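Trainee: Provided below are the primary sequence and the corresponding predicted coordinates.
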Amino acid sequence: MNLTFDFNPGFKHINYIATIVPLSNEASSLFRQGRYDEAEKKQLQVLALKERDFGRDDTKVAITLNDLGEAQLKLNKLDKAEENLRRAVTIWEGHDRLGVDAAIARESLAQVFEAQSK
């Protein structure tokens, strides 16, 4: 049997620890400081890296979508926040058997709806 790989399977995990986690931590710090524009930009970078390394439907992506949606809510970018939070909920519903993480994303989505007066 001859197996070949087009990529190094360890790369995504090394990249996650070396690049993605620090960027994500920086985005979280910016959010806590009320620097929502900068946090959103960092979260968009993190999202692109996670989607590339883990695929669009990975739970790591859902975490970032939730964080991104929360920053966008603070920035009153309600349509974008709704889109990202809905996507996070969809991903969580497919992976989270207890529904805890999906519930967190739904709570953030409810805040968007409240801001939109829906």
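Mentor: Structure's in. What do you need?
Trainee: other SSEs contacting the helix or strand bottoming out on mean pLDDT in the chain?
Mentor: Every helix and strand of the chain was ranked by mean pLDDT, DSSP states H and E. The lowest is helix 11-15, at a mean of 76. Helix 11-15 sits against helix 36-54, with contacts defined as 3 or more C-beta pairs under 8 Å, 6 or more residues apart in numbering; DSSP states H and E. The C-beta positions use only the backbone N, C-alpha and C, and glycine is treated the same way.
Trainee: buried sites along the very next helix or strand once past the helix it packs on?
Mentor: As assigned by DSSP states H and E, the chain's next helix or strand after helix 36-54 is helix 59-74. Neighbour-count burial for helix 59-74 flags 60-74 (criterion: 16 or more other C-beta atoms under 10 Å).
Trainee: Give me the angle between the helix or strand following helix 59-74 and helix 59-74.
Mentor: Following helix 59-74 in sequence order, the next helix or strand is helix 78-95 (DSSP H and E). Helix 78-95 runs at 150 degrees relative to helix 59-74, counting by axes from the mean of the first three to the mean of the last three C-alpha atoms, to 10 degrees.
Trainee: Tell me which residue lies nearest the centroid of this structure.
Mentor: With distances taken as C-alpha atoms, centre = their mean, the residue of the chain nearest its centroid is Thr64 (1.4 Å).
Trainee: Now do it against Leu49, distance only.
Mentor: Applying C-beta to C-beta, to the nearest Å, the value for Thr64 to Leu49 is 9 Å.
Trainee: and if you look at Gly55?
Mentor: From Gly55 to Leu49 the distance is 12 Å (C-beta to C-beta).
Trainee: do Leu30 as well
Mentor: Counting by C-beta to C-beta, the gap between Leu30 and Leu49 amounts to 17 Å.
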